[in-house]
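Asker: Below: sequence and its predicted model.
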Amino acid sequence: MAGWLDEPKLFVRWYLEHYYEVEGETMAVDKELFSSGSKVYHPDNCCILLQGLNNLLVNCKKAYSEGQTEENTLPLGVYYSGKKKKYYSVITFSGTEKPVRLSEWDMPEEAFADYKAMKQADILTVAAKYKDRRK
């Protein structure tokens with residue numbers, strides 16, 4: 001997929017056409033919102049959004065159940081307690097600095113469902129805050 005690396009002027013044109021401001025906020029170009037895990041900045045998968053919302057979408061580092069292998073990679077936000085033999089998730093809510101450890105589960109999918117529900121609620125809360133602030 002040829003993109004902006006091949007033709008930087010196309011990025012400048014796209015940016016100027018799509019850029020908007022929200023008073024008192026910093027804006028960011030995001031490439032993951034519409035295509036999860038994308039490594040390519042391309043008009044088909046980018047948008048401009050508030051830096052605060054962009055930060056909510058950033059992936060945290062990988063965690064592993066036992067040993068650092070691809071087979072032991074846990075879902076986003078999920079960790080494993082070898083001592084308790086339980087899975088749990090950790091989330092840092094928008095506007096806070098202290099991570100919150102969520103419930104413990106027997107299966108990583110259960111811990112991820114817990115994380116996902118909390119993350120979605122956090123994103124919706126922040127999005128509602130900015131709903132009517134676009135110029």
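Answerer: Everything's here; your move.

Asker: rest of the way, CA atoms for contacts and neighbours
Answerer: Will do.

Asker: residues in contact with residue 100?
Answerer: Remark: with contacts taken as C-alpha atoms under 8 Å, 6 or more residues apart in numbering, residue 100 is in contact with 90, 91, 92, 93.

Asker: Just the buried ones out of these, please.
Answerer: With neighbours counted by 16 or more other C-alpha atoms under 10 Å, the contacts of residue 100 contain buried members at 90, 91, 92, 93.

Asker: List the buried residues of the helix or strand residue 56 falls within.
Answerer: For residue 56, the element it lies in under DSSP states H and E is helix 51-57. Counting neighbours by 16+ other C-alpha under 10 Å, one finds that the buried residues in helix 51-57 are 52, 53, 54, 56.

Asker: Let me see the contact set for the residue nearest the centre of the chain.
Answerer: Geometric centre of the chain, nearest residue: residue 57, 1.8 Å, by C-alpha atoms, centre = their mean. Contacts of residue 57 were listed using C-alpha under 8 Å, 6+ apart, and they are 32, 33.

Asker: measure it to residue 122 for me?
Answerer: Between residue 57 and residue 122 the distance is 11 Å, computed by C-alpha to C-alpha, to the nearest Å.

Asker: Which stretches in the protein count as strands?
Answerer: 27-30, 47-50, 78-81, 86-91, 100-105 (DSSP state E).

Asker: so how far is the worst-scoring helix or strand of the chain on mean pLDDT from its chain's centroid?
Answerer: Using mean pLDDT, DSSP states H and E, the weakest-scoring helix or strand in the chain turns out to be helix 51-57, at a mean of 78. Between the centre of helix 51-57 and the centre of its host chain there is 7 Å, according to C-alpha atoms, centre = their mean, to the nearest Å.
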